[in-house]
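Q: Structure of the sequence below:
(chains A and B)
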Amino acid sequence: MRLSTLFTKTSKEAPKDELSVNARLLMQAGFIDKLTAGVYTYLPLGLRVLNKIANIIREEINKVGGQEILMPSLTPKSIWETTGRWASFDALFRLAGVDNKEYALGATHEEVVVPLAKQHVFSYKDLPVYIYQIQDKFRNEKRAKSGILRGREFIMKDLYSFHVNEEDLDEYYKTMQKVYFKIFARCGLLDKTYLTFAAGGSFAKYSHEFQTITPAGEDEIYICDGCKIAVNAEILGELGNKCPNCGNQKLQPEKAIEVGNIFKLGTKYSEPFGFAYFDEAGNKRPVIMGCYGIGLGRVLGTVAEVSHDESGLRWPKEIAPLAVHLVTLNSPDIEADNKIKLASEKIYRELEASGIEVLFDDREGETSTGEKFADADLIGCPIRLVVSERTLEQDSVEVKKRGEEKKELVKLSHVTSNM
RNA sequence: CGGGGCGUGGCCCAGUUGGUUUAAGGCGCCUGCUUUGGGAGCAGGAGACCCCGAGUUCGAAUCUCGGCGCCCCGACCA
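A: The predicted structure follows:
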């Protein structure tokens, strides 16, 4: 990807009215654009990160049997009436079609997935089954805030699991906890993310959230130093102000953002839709369900919150928009300048050919050296390469990691293998 | 939904006890020259329904009323 033709530009100053770090950095660096409060466009660089997060989620969930589908966002009123949520779900966006038929924009998809699964699951032989999607969700939040962390439209992975009994659900629920930690690890959030007991359980008493510690978080959690499990402040009292796992009463309060949430739904949604299966003995039994969400934009925004410095973003390797930021520094000497151009074009081609994603700052003379370096820091790719008159004198390229001061020279012939 | 702040070229903003404002400056953009290891310099140029509407006035970016939008705090968060 060439910076000279990239659709978006970075800006020298962060947007004045944004206070949240993720909004300031992501907008300044050209990853996202705000259309209206709580509604954002993902620009080329931002979309790359978002897609990487999506693909990590797909990989990890497919490994444990998840099957991806894509459900519609526009959903009929009737399914929401079946569960009573047309009336009770405050944040539901409701709208009317031309024939006065009413619709809701999908805020979550139990009402869609259960009737769907009912058409394909009849017997214990069809269970368990795990269905998920990655899709825009709409919630009419009273107040959108914190940049990309709480929007009215946001991209979410929602997985629904269907089981013959509670034991089977419990097992998968535990599996998903492990899967979630793998996902957050690959997104660079592992050391700050805690499994957190939270309200919202319908079948089980509690749900579990995955909370990442950051001052930008809107939740307060209490962390048990011993078992690394946390409790959301909203239920701490109910639990007797102690760790639900080991009874420890010394809990550390922290601000955190909820990046994922898993629920044992039981029969809460299968029952209203009459979703049942036949067991081995021919008895009709209700399907037991679980659901599991991850906010992809929230993950992206959370990474921006926890991984940046005064110069800009610092992307973890696996979700960086591109692996390498290749900077070519121009020279006033035409001959030298051509040499630099040729050398950097060659490196760009070689790296791309070997499957390494490169953001190539090939902008010419009018872009100053300082501007190029500032952009590299702001955009935050993990590795910066510099090709200049100085490095070519040594038949080399300069290599520097984002966030580190150390620079080293690598011979031109070794650049690709070195990456 | 309650409270607070803000709204001026694409961006950051000055101006706001009404009148030398023909709305200033910086960034960015266009032309030319110069420059090239941390957001360069000089010269020239383009770009503004001053958020919208109504009102007060000889005169409104500036005052009044109404509306809209954005941010922040709170409430809310199936």
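Q: and the spatially closest residue to A:Val129 that is not a sequence neighbour, what is it in contact with?
A: In this structure, A:Val129 finds its nearest non-sequential neighbour in A:Phe162, 5.1 Å apart by Cβ to Cβ, 6 or more residues apart in numbering. The C-beta positions use only the backbone N, C-alpha and C, and glycine is treated the same way. A:Phe162 sits next to A:Ala117, A:Val121, A:Leu127, A:Pro128, A:Val129, A:Tyr130, A:Ile131, A:Ser270, A:Val287, A:Ile288, A:Met289 when contact means Cβ atoms under 8 Å, 6 or more residues apart in numbering.
Q: Same question for A:Cys291.
A: A:Cys291 neighbours (Cβ under 8 Å, 6+ apart): A:Thr108, A:Glu110, A:Asp158, A:Leu159, A:Tyr160, A:Ser161, A:Ile262, A:Phe263, A:Leu265.
Q: Next up, phi/psi of A:Val299, please.
A: Main-chain torsions, A:Val299, degrees, to the nearest 10: phi -60, psi -50.
Q: And it, how far from A:Glu364?
A: 37 Å (Cβ to Cβ, to the nearest Å).
Q: Repeat that for A:Cys224.
A: 57 Å.
Q: Of these two, which one has the most company?
A: A count of neighbours by other Cβ atoms under 10 Å puts A:Cys224 above the other of A:Cys224 and A:Glu364, at 21 against 10.
Q: center of chain A - which residue?
A: Nearest residue to the geometric centre of chain A (Cα atoms, centre = their mean): A:Leu296, 2.8 Å.
Q: That one reaches A:Asn51, doesn't it?
A: No. Using Cβ atoms under 8 Å, A:Leu296 makes no contact with A:Asn51, being 9.3 Å away.
Q: which residues are in contact with stretch A:299-313?
A: So stretch A:299-313 is contacted by A:20-22, A:25-26, A:28-29, A:31, A:46, A:49-50, A:53, A:146-149, A:184, A:187-189, A:192, A:212-214, A:216, A:257, A:259, A:314-316, A:319, A:374, A:377-380, A:403 (Cβ under 8 Å, 6+ apart).
Q: Send me that stretch as CSV with only the CA atoms.
A: These are the backbone C-alpha positions of stretch A:299-313, laid out as CSV (Å, rounded to 0.1, in the frame of the first residue of the first chain):
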residue,chain,number,x,y,z
VAL,A,299,-11.5,-4.3,20.8
LEU,A,300,-9.9,-2.0,18.2
GLY,A,301,-10.6,1.1,20.3
THR,A,302,-9.4,-0.6,23.5
VAL,A,303,-6.1,-1.5,21.8
ALA,A,304,-5.8,2.2,20.9
GLU,A,305,-6.4,3.2,24.5
VAL,A,306,-3.9,0.8,26.0
SER,A,307,-1.3,0.8,23.3
HIS,A,308,-0.1,4.3,22.3
ASP,A,309,2.3,7.0,23.3
GLU,A,310,2.6,10.7,22.7
SER,A,311,3.5,10.2,19.1
GLY,A,312,0.7,7.9,18.1
LEU,A,313,-0.6,4.4,17.9
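Q: Flag every residue of the stretch 201-350 of chain A that's near RNA strand B.
A: Neighbours of RNA strand B within the stretch 201-350 of chain A, by Cβ under 7 Å from any atom of the strand: A:Glu218, A:Gly293, A:Ser311, A:Leu329, A:Asn330, A:Ser331, A:Pro332.
Q: just the buried members of those?
A: Buried by 16 or more other Cβ atoms under 10 Å: A:Gly293, A:Leu329, A:Asn330, A:Ser331, out of those.
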